[in-house]
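1. Generate a structure from the sequence data that follows.
(one chain, ligands or ions: 2)
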Amino acid sequence: MSDCLFCKIIHGEVPSAKVYEDDLCYAFDDIAPQSPVHFLVVPKEHIKSVSEITPENSGVVGHIFEVIAKLAKEKDLKSYRVVSNIGEQAGQSVLHLHFHVLSGRDMTWPPG
Ligand code: 5GP
Ligand code: ZN
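-> Numbering: from 1, shown residues only. Ligands and ions are numbered 1, 2, ... in the order given. Okay, the predicted model is just below:
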């Protein structure tokens, strides 16, 4: 989508600190990190949020979780959190599906 920030990042129209890329997904550091490690993994296909995952497009989600597991191993993350916010009340500010990967500090549960 032409007016989507993360589509622009994927296409290199907005700069980002790349963590990983393949045919299906792109990972980059969050611009406002909430922990010492905080990167985002997004599908290259524009999907608005978890609420728009269907049998037709869900394959990329499993792939993204494989990528997260691989990156976590490479970065030697012993403990981490994967978060996807859906909708305004949950805190979603960019309407392109993304998974936050957070690590490197103590975290509380439940989240605020
Ligand atoms: P959400 O609030 O939708 O769950 O997460 C969106 C995330 O995107 C936020 O953590 C925010 O800091 C990050 N973000 C917003 N704009 C940019 C940007 O231009 N570049 C990068 N790297 N991250 C961004
Ligand atoms: Zn998009």
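
2. What lies in contact with stretch 69-85?
-> For stretch 69-85, the surrounding residues in contact (Cβ atoms under 8 Å, 6 or more residues apart in numbering) are 19-20, 27, 37, 39, 41, 49-50, 65, 68, 91-93, 97-104, 107, 111. C-betas here are computed from N, CA, C, even on glycine.

3. how does it look with 6 Å?
-> 20, 50, 91, 92, 99, 100, 101, 102, 103, 107 (Cβ atoms under 6 Å, 6 or more residues apart in numbering).

4. Looking at those, state which has the most neighbours.
-> residue 101 (23 neighbours; other Cβ atoms under 10 Å).

5. that older thread, closest one of the contacts of stretch 69-85 to ligand 2?
-> Of all the contacts of stretch 69-85, ligand 2 sits closest to residue 92, with 12.7 Å by Cβ to the ion.

6. Quick one: mean pLDDT for the lengthiest helix in the chain?
-> Using DSSP state H to assign secondary structure, the helix with the most residues in the chain is helix 59-74. Helix 59-74 carries an average pLDDT of 98.

7. Okay, buried residues for it please.
-> By 16 or more other Cβ atoms under 10 Å, the buried positions in helix 59-74 come out as 60, 61, 63, 64, 67, 68, 71, 72.

8. list the contacts for the fourth one?
-> Each residue near residue 64 by Cβ under 6 Å, 6+ apart is listed here: 25, 41.
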